[in-house]
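> could you look at this predicted model? Sequence included:
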Protein chains: 2
Amino acid sequence: MELSCKSEYALLALIELAAHHAKGEPLQIRQIASQQNIPDRYLEQLLATLRRGGLVRSQRGAKGGYLLAREPWKITLLEALECIEGTNGQKAPASDRPHTVESEIVRDIWQEVRDRAQAVLQKYTLQDLKEQRDARHQVNIMYYI
Amino acid sequence: MELSCKSEYALLALIELAAHHAKGEPLQIRQIASQQNIPDRYLEQLLATLRRGGLVRSQRGAKGGYLLAREPWKITLLEALECIEGTNGQKAPASDRPHTVESEIVRDIWQEVRDRAQAVLQKYTLQDLKEQRDARHQVNIMYYI
DNA sequence: ACCAAACCCCACTGGAGAACCGGGGTATAA
DNA sequence: TTATACCCCGGTTCTCCAGTGGGGTTTGGT
C-alpha cells in the first residue's frame, strides 16, 4: 500500500462525494478541490481514474460534476486505493529472479504484511468515514458555542 | 513500509549472516551475492547502510567480510527495514498542507495501517527467519532422499 | 442558436528514488 | 609485499509522483 499524497487526495474527494451523496446532485471538481486544498487539475486526473475504476460516475456539461457510482457503504477503502494506485503492475519485487528458500521466506512475510494492511482497509467503507466526519464536525461546532 | 527489491536483498543478506553467525567468522559480500543471486556491487551499498545503522559490522582486508553486530534474536525485521529504507524521513504525505477534519480522518487510518504492518515486522527476528530456513532446507533434503 | 460551465484527453515538466555499474582508495592476513 | 576484501564517490537509466497547461467535447440555461 502506498499511503501517498495521491491516495490521500483520492480519499478526501471520496469523502466529500459521500457526504454530498444524499442530495443526489453532482459535485464539481472545483468544489472538492477548494474544500480540501487540492490542486484541481491534479484532482481531475484522480477522479478520472476513479471513474474508469467504476467507483464514481460523471455528469458532463453545465451543472455537471461527479457522483459516487454506488452507495457509500458499498465502497471500501481497499477498493478505492487499489483503484487509484493499482495500475503500476509490479509493486512486489520481480518474481522472475531465481528464488531460493530464503527468498520464499521473505515473500511469505511480505504477504503477511500486505494482508494485515489490507484487512484494515477492507473494514472501512466511505460511509464509515462520512460518519466520522459528521461526528467530528459536530464536536467542532460544540466547541465553537 | 516499502517491501521493495532493495528491502528483500537486505533481508536475504541478513538471513545468510544469521545462518553463518554461529561460526563466528565473517562472510563476504561475494558469498552472499552468489548464494542469493544479488548483484554484488548493489549489495555492497546495502550492507554499508546496515553497518552505518549498527546492525552489522565489517572486517576489512583479506579474510574479511561481514558479521551481525548483535545476536540474531535481538534484531527484528522492523529494525532492519527501517534502517535500510528509513532515511527518507516522511513517508507520510507532507503535513504542511492545511489540514481539514477530513484529512485528519485519513491520517488516522494511515496510522492504523502503518501500525498493523509494523506489528508484523516487530514480532519476527532474524533468529526466527533462520529457524524457518533450517526447517525448509531440511524438508528439501528429505524430498531429495 | 449561443454561451459558459463543466468534464475529457493528451502531453510535458521537475524532482526523487530504485537498481544498478565502475573507478580508485585503504586496511589486513599470509 | 601482495592479493583480498571492504570503503567511498560518482554517474546512469528508469519509473513514478505531483503537478501544470492546452485544446476538445458535452450540456443546461437564455
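Right, received. Where do you want to start?

> flag the shaky bits of chain A, pLDDT-wise.
For chain A, applying pLDDT under 70 flags the ranges A:87-95, A:144-145.

> in it, which helix is the longest?
Ranked by number of residues, the top helix in chain A under DSSP state H is helix A:101-123.

> and it, what does it pack against?
Applying 3 or more CB pairs under 8 Å, 6 or more residues apart in numbering or on different chains; DSSP states H and E, one finds that helix A:101-123 contacts helix A:77-85, helix B:5-20, helix B:101-123, helix B:126-144. From N, CA and C alone the C-beta is placed, and that goes for glycine too.

> go through those and pick out the most buried.
helix B:5-20 (a mean of 23; mean count of other CB atoms under 10 Å in any protein chain shown).

> quick one: the helix or strand just after that helix to chain centroid distance?
As assigned by DSSP states H and E, the chain's next helix or strand after helix B:5-20 is helix B:29-36. Distance of helix B:29-36 from the chain centroid (CA atoms, centre = their mean, to the nearest Å) equals 16 Å.

> swap in stretch A:78-89?
9 Å.

> and what of stretch A:112-130?
So, by CA atoms, centre = their mean, the centroid of stretch A:112-130 is 11 Å from its chain's centroid.

> count of neighbours near whatever residue of chain A ends up closest to DNA strand D?
Nearest residue of chain A to DNA strand D (CB to the nearest atom of the strand) works out as A:Gly61 at 2.0 Å. Residue crowding around A:Gly61 was assessed by other CB atoms under 10 Å in any protein chain shown; the count is 6.

> where does it sit: helix, strand or coil?
Under DSSP: H, G, I helix; E, B strand; the rest coil, A:Gly61 falls in the coil class.

> give me the distance between it and B:Asn140.
A:Gly61 sits 65 Å away from B:Asn140, going by CB to CB, to the nearest Å.

> repeat that for A:Gly86.
Remark: distance between A:Gly86 and B:Asn140 (CB to CB) = 35 Å.

> one more: A:Ser103?
Using CB to CB, A:Ser103 is found at 14 Å from B:Asn140.

> repeat that for A:Leu129.
For A:Leu129, the distance to B:Asn140 equals 48 Å [CB to CB].

> just checking, A:Arg133 touches B:Thr100?
No. Judged on CB atoms under 8 Å, A:Arg133 makes no contact with B:Thr100 at a distance of 9.4 Å.

> endpoint to endpoint, stretch A:51-65 covers what distance?
12 Å (CA to CA, to the nearest Å).

> so what touches that stretch?
Counting contacts by CB atoms under 8 Å, 6 or more residues apart in numbering or on different chains, the residues outside stretch A:51-65 that touch it are A:14, A:17, A:25-29, A:31, A:47, A:50, A:66-70, A:75, A:79-80, A:83-84.

> and the residues you listed, which of them are buried?
A:14, A:17, A:26-27, A:29, A:47, A:50, A:66-69, A:75, A:79-80, A:83-84 (16 or more other CB atoms under 10 Å in any protein chain shown).

> out of these, who's nearest DNA strand C?
For the buried ones among the contacts of stretch A:51-65, the nearest to DNA strand C is A:Ile29 (3.6 Å; CB to the nearest atom of the strand).
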